[in-house]
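Chemist: give the three-dimensional model of this entry:
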Amino acid sequence: MKAIRIHSHGEADVLQRDSLNTPKPEPGHVTVKIEAAGINFIDIYQRKGLYKVPLPYTLGLEGAGTVSQVGIGVEEFQVGDRVAYSSIPGSYAEYVHAPTDKIVKIPDGVNTKTAAAAMLQGMTAHFLVNDTYHLKAGDTCLIHAVAGGVGLLLTQMAKAKGATVIGTTSSEEKAQLAKNAGADHVILYTETDFEEGVKTIMNGKGLQVVYDSVGLTTFEKSLNVLAMRGMMVLYGQSSGPVEPFSPQTLNAKGSLYLTRPSLFHYIASREEFVKRASDVFSMIQGKKLNVHIGETFPLDAAGEAQSRLESRTTSGKILLLP
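Modeler: The predicted model follows:
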């Protein structure tokens, strides 16, 4: 099979196409023929060496496709089942070797590409509003990169909770996508300082929570717009890692909470993974969640796809189609 791997860390040009043996399933595993694989910032962090992985390494942690082979002892899945997964390495390829506790069946009414696009980012949005901070009616949240893959899903889920959503993005086109998803206010950070913009919208009052996937360039000002005992949810670092700071800063700004969550810790058990994925799929089936696929690329264009995401000029989800 064809796979896109890194043999060293660096920019997008370190991605290379390799020919590997198609995996045969071990006991308790299946082989999935991948129809669509998600592109995520974690792939870029791994490529650059910010997140350590063994080399050579096939990138990609989520995807969807059809079970092509079943290993000994597997009863829940059969050849031909449509399945989706997250947290399984090796999705920049034509096939993936998948443990059955990390895959779920795709229900009727959800197409395979949408399922691939909804796994990592959909479940991330789900845990952010339900668990990391339990968003509720009357709350106001700030969502950075509001027109990105997680941002658009997070906006829809936040609105379903009855919260007010303020988003930041770079262009009028992206702002319209966010408004279509339900955002109440969108600040163009290319034209307006978002800290001042939020304070104007809130008449000087603070926010209950900030959802920040940007990191370095937004972190400090995000703390400044939180209400007393507000929560800073830092779940990414697309602009770079946050610089070290004193925990006393959180005290001085109002006994703030800070968390740095990861999806992997919110789907650690089979039960939680299935429940979270099922909730996301149910929202898609019920037309309560629109998954926006911004662009698709062939497998050989994985480097271009990553560069597009890294440029922060994309909207919605980017998929590779092997």
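Chemist: what about the helices in the stretch 1-150 of the chain?
Modeler: 41-48, 112-127, 149-160 (DSSP state H, counting those that start in this stretch).
Chemist: packing partners of the last one?
Modeler: Judged by 3 or more CB pairs under 8 Å, 6 or more residues apart in numbering; DSSP states H and E, helix 149-160 is in contact with helix 112-127, strand 140-143, strand 164-169, helix 172-180. Yep, even glycine has a C-beta here, placed from its N, CA and C like the rest.
Chemist: what strands flank the second one, and is each parallel or antiparallel?
Modeler: What it means is strand 140-143. Next to strand 140-143 in the sheet, as set by DSSP bridges, lie strand 164-169 (parallel), strand 207-212 (parallel).
Chemist: buried ones in stretch 292-300?
Modeler: Neighbour-count burial for stretch 292-300, counted by 16 or more other CB atoms under 10 Å, picks out 292-294, 296-297, 299.
Chemist: quick one: distance of that stretch to the chain centre.
Modeler: Between the centre of stretch 292-300 and the centre of its chain there are 15 Å (CA atoms, centre = their mean, to the nearest Å).
Chemist: the spatially closest residue to G122 that is not a sequence neighbour sits in which helix or strand?
Modeler: For G122, ignoring the flanking residues on the chain, the nearest one in space by CB to CB, 6 or more residues apart in numbering is V280 at 4.0 Å. For V280, the host element (DSSP states H and E) is helix 270-285.
Chemist: centre of the chain to that helix, how far?
Modeler: The answer for helix 270-285 is 15 Å, by CA atoms, centre = their mean.
Chemist: still on that earlier bit, hmm, F127 and the residue nearest to G122 touching each other?
Modeler: No. At 10.4 Å, V280 and F127 do not qualify as touching, with contact defined as CB atoms under 8 Å.
Chemist: which one of those two has more residues nearby?
Modeler: Applying other CB atoms under 10 Å to V280 and F127 shows that V280 carries more neighbours, namely 26 against 19.
Chemist: how close does A145 sit to Y235?
Modeler: According to CB to CB, to the nearest Å, A145 and Y235 sit 10 Å apart.
Chemist: would you turn the strands paired with strand 140-143 into JSON lines with mean neighbour count?
Modeler: Conversion of the strands paired with strand 140-143 to JSON lines gives the following (neighbours: other CB atoms under 10 Å):
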{"stretch": "strand 164-169", "mean neighbour count": "26"}
{"stretch": "strand 207-212", "mean neighbour count": "25"}
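Chemist: redo these as TSV? Include distance to E191.
Modeler: Below are the strands paired with strand 140-143 laid out as TSV (distance: least, CB to CB, whole Å):
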stretch	distance to E191
strand 164-169	11
strand 207-212	20
